[in-house]
Structure formats: structure tokens, C-alpha cells
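*Asks:* only geometry, no sequence info:
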């Protein structure tokens, strides 16, 4: 779709933007940090309990935040006070986050890892549902879906063309 001739054009140069972190709100910070470090093989890098006016304005009631670094990703896991009311379930939010795997066999490893951690009984899951089966579409793309301890949905995928640099 192109812009009509009389519409102003957006500026030509687009600045680089990369993903710095994924913020994950949780009701149980310790449970969530433990699961993210164990599932993704990461470490808790640092924890904050003092926040700027900007952060308190954007995240009312924030009490603690821990950065978990894992699988090439930073997860900012945070909790809010009981006085904070979460948004209505019909509020538009991200539906899921997709993580890429280096190979189709790594997908099986991720899925097996989720099942092992669930079976350990060490974590409380908001949605204690097993991960989906791994499916392969017509283009050879493999994927499965699973929930974290908060009930947030993750997709894990392997795209052969991307892995091969195509």
C-alpha cells in the first residue's frame, strides 16, 4: 500500500531499534525469577526496589524488579503492590512472544525442558497446561506454544530458511 500523492511522506532514514528487554509482570517474583532462570538457563543479574518517578508513573505500585539474563534475552521480571488493580481481561495486550531456536532438535529440547520443570513441582503455574505438540507447516517451519508460570504465552520456533541465512 502506498501513500496518496498529497499525503506527507515519513522521514527517509529509520533509526536502528533493537529489543533491549522483555518486561514480565508477576504476582510472585521469587517463583517467576526461579522459573525464568531455570527454564532459560539464565542468571538473576540485579534487583531494584527504588524506582524513578517515570517508572512509578508508568508502572503504578511497582515494588521490585529483577533482571534475568538468559538465552540472549533480558527479562525484566517485576511485581506490584496489592493495591494495584490489573487491567480488565479484554484490554488489548501482546498475545505472545516468539523465541527462535537454532534447530528443529532444539525445539524438542525446549519442550522437554518445560515438561521437566513442570513435573519437578518446584513452581506454581497460573495455567498448568502442557506445551502444545511441535507442528511443522508447509514451509518447514516448526513451532510449539507453552505458558510461563504467570500464564504468559511463548511460541518457540525454528525457521530453516533463516537458520540457513536465506
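*Replies:* Perfect, I can see it now. Here the structure is a predicted model, which means the values were calculated and not measured.
*Asks:* use CA for all of it now, contacts and neighbours both
*Replies:* Will do.
*Asks:* does the residue most central in space within the chain have beta-bridge partners, and which?
*Replies:* Centroid check for the chain by Cα atoms, centre = their mean gives residue 97 as the closest residue, at 5.0 Å. Counting by DSSP bridges, residue 97 is bridged to residue 154.
*Asks:* check contacts around it.
*Replies:* With contact taken as Cα atoms under 8 Å, 6 or more residues apart in numbering, residue 97 is in contact with 153-155.
*Asks:* Got the domain ranges for this protein?
*Replies:* Taking the TED database as the domain assignment, the ranges for the chain are 19-83, 92-165.
*Asks:* roughly how far is the last one from the heart of the chain?
*Replies:* The gap between the average C-alpha position of domain 92-165 and the chain average comes to 11 Å, counting by Cα atoms, centre = their mean, to the nearest Å.
*Asks:* The shortest one too?
*Replies:* Computed by Cα atoms, centre = their mean, the separation of domain 19-83 from the middle of its chain amounts to 11 Å.
*Asks:* gap between the two ends of it?
*Replies:* 30 Å (Cα to Cα, to the nearest Å).
*Asks:* Please list all residues in contact with residue 43.
*Replies:* Neighbour list for residue 43: 37, 68-70 [criterion: Cα under 8 Å, 6+ apart].
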